[in-house]
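Chemist: I would like the atomic coordinates for the input below:
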Amino acid sequence: MEITLSPQLYTLIPNFKIGVIHYHNIEVGTSPQMLKGRLQLFQESIFFDLEDKKVEEIEEISEWRSIFKETGQDPNQFHHSAEALYLRVQKQQFLPSVNSAIDLTNFFSLQYKIPLGIYDLGAVNGSINVRIAEEGEHYEGLNGRVNHLHQLIVTVDNNGPFGSPYVDSTRTSVSEKTKAAVQIIYLRPSMELSEAKLMVESLRNMFLQIHGGEANMQILHESSL
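Modeler: Below you'll find the predicted structure:
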């Protein structure tokens, strides 16, 4: 499946890049105890680390806040998904287990402090493009409400937007019926390409250890167009 980036992103955000991993023949289920335990312990560790700290001042989180500003959104009103996770943990509202794919994606997002999304390819129609949302675009989000997406970065298929570093849609959410998925890693623009590749490889390998199947990965950036 082809995934493309809008040139507008490079105009607004120099060195913009994303990691993309396609998974096939995977088995999504209840998270193994190892993953549940690591996710719980990591959240507890973050909670204590955040005492007397402001989440928005964390370097990685601050960088993605600045990206929201560049696209025309207020990062104080629209927290990117990694910041939203950290704000929950800071309030000791620890994440419940959902399934192995979502739990692992949340763990990666907490670990690297960047937004990630994972989407059921069976619910994706046609090729995928990452761009900035137009006025009037919206979807029902995993946060339980209709989200208006204007000026946010969105991932779209032939049916319209289904993902964003803000919040993802219910339409392409991963469940235990998912056999093929695409994971999008919203990398920091400041990250060197070599470092980004190592990170994405690490994510792919850990995902396959838990879910089986096969995967291929790529880093999309301006010079890859």
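Chemist: in which helix or strand would I find residue 69?
Modeler: helix 59-71 (DSSP states H and E).
Chemist: which residues in this structure form strands?
Modeler: All strands of the chain, identified by DSSP state E, fall at 3-5, 17-24, 116-120, 128-132, 138-140, 146-148, 153-157, 160-163, 180-186, 214-221.
Chemist: could you point out the longest helix in the chain?
Modeler: Secondary structure of the chain per DSSP state H: the longest helix is helix 193-211.
Chemist: Would you mind listing the buried residues in that helix?
Modeler: Within helix 193-211, the residues scored as buried using 16 or more other CB atoms under 10 Å are 196, 199-200, 203-204, 207, 210-211. Where C-beta positions appear, they are placed from N, C-alpha and C, glycine not excepted.
Chemist: and the gap between the nearest residue to residue 138 once chain neighbours are set aside and residue 13?
Modeler: Nearest non-adjacent residue to residue 138, counting by CB to CB, 6 or more residues apart in numbering: residue 148, 4.8 Å away. For residue 148, the distance to residue 13 equals 21 Å [CB to CB, to the nearest Å].
Chemist: ok, now residue 54?
Modeler: For residue 54, the distance to residue 13 - CB to CB - is 23 Å.
Chemist: of those two, who's got more company?
Modeler: residue 13 (17 against 10; other CB atoms under 10 Å).
Chemist: can I assume that one is in contact with residue 64?
Modeler: No: assessed by CB atoms under 8 Å, residue 13 is found out of contact with residue 64, at 10.3 Å.
Chemist: Pull the contacting residues for the closest residue to residue 207 other than its chain neighbours.
Modeler: Take residue 207 and drop its neighbours on the chain: the residue closest to it by CB to CB, 6+ apart is residue 104, 6.1 Å away. With contact set as CB atoms under 8 Å, 6 or more residues apart in numbering, residue 104 has these partners: 31, 35, 206-207, 210.
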